[in-house]
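Q: Fold the following for me, if possible:
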Amino acid sequence: MRRYAPDVYGLPGAAYFKSPIGEVIRDILAQHYKANSRPVAFLDESFETGAFDTFYVVAVAVVNVDDLTESREALREFYGGDALHAAPMFARREVATLRQATTLVASQSDGLDIVVCAPIADGDSRDVARARCLGVAAAKVHKDFGTQLFVLDSLSTPTENKLDQRTFSDLRRKTVNGLHRDTVAHHCRPSSELLLGLPDVLAWSYRQEHVRDDRSWFDPMREFTDITIL
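A: Numbers count the residues shown, from 1 in each chain. I've put the predicted structure just below:
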């Protein structure tokens, strides 16, 4: 495992933030890492609203704090420093590379991946289904791994991100199946944190079982992933 000397952030591997890619990581996210000593959860989503089978998927990749640098470096080296986005990769017919990406994501999991899938009920918006998935996923990660830092892929609008923050606020207030009051949920783009490529590939691969009836994409990760269907 490659190790770096601590820098002004005081983080194991914080020298990564000084690299050309690492420089875009926001200071606030770096401070969250500095204050954290528990496994970190990275979350992304996939959904289908235009077909008979409408659903929402939240995928979580949990990375041990001592493995953040190594996992981030593996993603950087794999895709030339660019963030992994499975859907556009598939659209560009980067099929062979995307197959390799699923194997890479599986190798980074250590059995710490989670997928939660919920139907989008008639009359409900996808926001409702997302909140259900997010609540179950976050509570499970917190219970199983003690995670108190969640890094989420930013959604299209600030309003959508605020809905996520409301979900986390509600979970902090719960006395059963809730979150610790100091739990942090931070939204950012994958260009600011390459580790968001892990749940991106995880969510997209699981989605293929629903929309294409193709299990092959998710198969490399299946053994290491806890799946909950709501």
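Q: Nearest spatial neighbour of residue 62, chain-adjacent residues omitted?
A: Closest residue to residue 62 in three dimensions, ignoring its sequence neighbours and counting by CB to CB, 6 or more residues apart in numbering: residue 112, at 3.8 Å. Where C-beta positions appear, they are placed from N, C-alpha and C, glycine not excepted.
Q: Which of the helices and strands in this protein ranks last by mean pLDDT?
A: Least confident element among the helices and strands of the chain, by mean pLDDT, DSSP states H and E: helix 27-35 (a mean of 87).
Q: how about the CA coordinates for that helix, as PDB?
A: These are the backbone C-alpha positions of helix 27-35, laid out as PDB (Å, rounded to 0.1, in the frame of the first residue of the first chain):
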ATOM      1  CA  ASP A  27     -11.100  22.300   1.800                       C
ATOM      2  CA  ILE A  28     -14.300  21.600   3.700                       C
ATOM      3  CA  LEU A  29     -14.200  17.900   2.600                       C
ATOM      4  CA  ALA A  30     -10.500  17.700   3.600                       C
ATOM      5  CA  GLN A  31     -11.500  19.000   7.000                       C
ATOM      6  CA  HIS A  32     -14.200  16.400   7.300                       C
ATOM      7  CA  TYR A  33     -11.600  13.700   6.600                       C
ATOM      8  CA  LYS A  34      -9.200  15.300   9.100                       C
ATOM      9  CA  ALA A  35     -11.900  15.100  11.900                       C
END
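Q: Phi and psi next, for the residue nearest to residue 62.
A: The phi and psi values for residue 112, taken as degrees, to the nearest 10, are phi -110, psi 20.
Q: likewise residue 61?
A: Per degrees, to the nearest 10, the residue geometry at residue 61, taken as phi and psi, is phi -110, psi 120.
Q: Quickly find the element holding residue 100.
A: Secondary structure from DSSP states H and E places residue 100 in helix 95-107.
Q: elements contacting that helix?
A: The criterion is 3 or more CB pairs under 8 Å, 6 or more residues apart in numbering; DSSP states H and E, and the helices and strands that helix 95-107 contacts are helix 68-78, helix 86-91, helix 197-211, helix 219-222.
Q: quick revisit: mind listing what the residue nearest to residue 62 touches?
A: The neighbours of residue 112, taking CB atoms under 8 Å, 6 or more residues apart in numbering as the test, are 39, 61, 62, 63, 64, 145, 224.
Q: Looking at those, spot the one nearest residue 118.
A: When those are compared for distance to residue 118 (CB to CB), residue 61 comes out closest, at 19.0 Å.
Q: What distance do you get for the closest one to residue 97?
A: Taken as CB to CB, to the nearest Å, the spacing of residue 61 relative to residue 97 amounts to 19 Å.
Q: More neighbours: those two, which one.
A: Neighbours were counted for residue 61 and for residue 97 using other CB atoms under 10 Å; residue 61 has more, 29 against 14.
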